[in-house]
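Asker: coordinates only, sequence not included:
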């Protein structure tokens, strides 16, 4: 008998309350009960986003929400800056290019984080820059960006600060209102512990003003339509009503725990994981690691792609491998969403066993001891 364990940074494990909710008979999505559900979920999302702005729900993967952000804010002749430090920072630029929007990249070495002064310097050269696009956690490397620092820089300019918080929402702190973030984009299937299928977007008043100037084509992803419908507890098109019901259950757990405590829990899990992998003699790949996921730099004699596949097939343990130029060079262990201290111990114990089975020499139990000492401390 094999039990599966999911330690990839999305989709993440789903709590039983949400799973059971999805097993109920489906309901019609244009009813009073549906409107009440959508309003309830929207209110709870504001707690997680740490904002007074309305959080919109789109039936799509998160890439749809990223695309919706671009097409609602921009026009082809706008100037924008894209912080590229990994695969998901690059995606902002790819979407802009698909719509004919030229962007100026700030390329950061993978595993490193942005220095807000770099953005400030670029903005002085681009006084008409409309948007600065960033990630909160660059999921492909595990690096955390200083969004609060970016907000302080952009407070001196007219540019909008737009943040992909897809993996890091509810794991790494992001205070949308207090930090001056204009748009936060996320999704249902990471820290919010629900299946993929719901894209989430919150816009500031300043960002909503920018949408009135955008002339990029949009139909399904028209956020003004989404806002108009949300005000009456609805959506312009068919919502993923079953997933919204599940999301309501997961958000209820988060709001009961309170976001500050959820963030503290993720910080503790991440610290224990990092201490564990260091006890094995490995280094974190990210210089400023996020609480979302720990990226582990592998020695040359271990092929990360093979290791990840073997762990899943032989032990039922799913880690994430590296992407693009990091393929085979790192593995990533997520401690995200419905994850406990005991889950971290399991993730590290399985890692130790897998390493020994590859012939790599480690001190058996060292990572588990380091993690347990972190939790006891």
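Answerer: Here it is on my side, so go on. Computed from a prediction, not measured in an experiment: that's the story for all the values here. Numbering: from 1, shown residues only.
Asker: can you give me the end-to-end distance of stretch 358-372?
Answerer: 25 Å (C-alpha to C-alpha, to the nearest Å).
Asker: can you check stretch 321-339 too?
Answerer: 19 Å.
Asker: What are the buried residues along it?
Answerer: By neighbour count on 16 or more other C-beta atoms under 10 Å, the buried set for stretch 321-339 is 321-323, 326, 328-339. In this view, the C-beta of every residue, glycine as well, is placed from N, C-alpha and C.
Asker: out of these, which are inside strands?
Answerer: Those of the buried residues of stretch 321-339 mapping onto strands are 321, 330-334, per DSSP state E.
Asker: Make CSV out of those residues and add distance to residue 367 and pLDDT.
Answerer: What follows is these, written out as CSV (distance: C-beta to C-beta, whole Å; pLDDT from 0 to 100):
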residue, distance to residue 367, pLDDT
321, 19, 97
330, 17, 98
331, 13, 98
332, 16, 98
333, 11, 98
334, 16, 98
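Asker: Please tabulate these in JSON lines, including the columns distance to residue 216.
Answerer: As requested, those are exported to JSON lines (distance: C-beta to C-beta, whole Å):
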{"residue": "321", "distance to residue 216": "35"}
{"residue": "330", "distance to residue 216": "36"}
{"residue": "331", "distance to residue 216": "38"}
{"residue": "332", "distance to residue 216": "34"}
{"residue": "333", "distance to residue 216": "38"}
{"residue": "334", "distance to residue 216": "34"}
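Asker: Kindly indicate which of the residues you listed lies nearest residue 227.
Answerer: Taking C-beta to C-beta as the measure, residue 227 lies nearest residue 334 of these, at 32.2 Å.
Asker: residue contacts, the closest one?
Answerer: Contact analysis of residue 334 by C-beta atoms under 8 Å, 6 or more residues apart in numbering lists 7-10, 12, 167, 292-294, 320.
Asker: Also residue 329?
Answerer: Residue 329 neighbours (C-beta under 8 Å, 6+ apart): 297-298, 304, 322.
Asker: With respect to residue 36, which of those residues is nearest?
Answerer: Closest to residue 36 out of the contacts of residue 329 is residue 322 (44.0 Å), distances taken as C-beta to C-beta.
Asker: Phi and psi next, for the closest one.
Answerer: Backbone geometry at residue 322, expressed as degrees, to the nearest 10, gives phi -80, psi 160.
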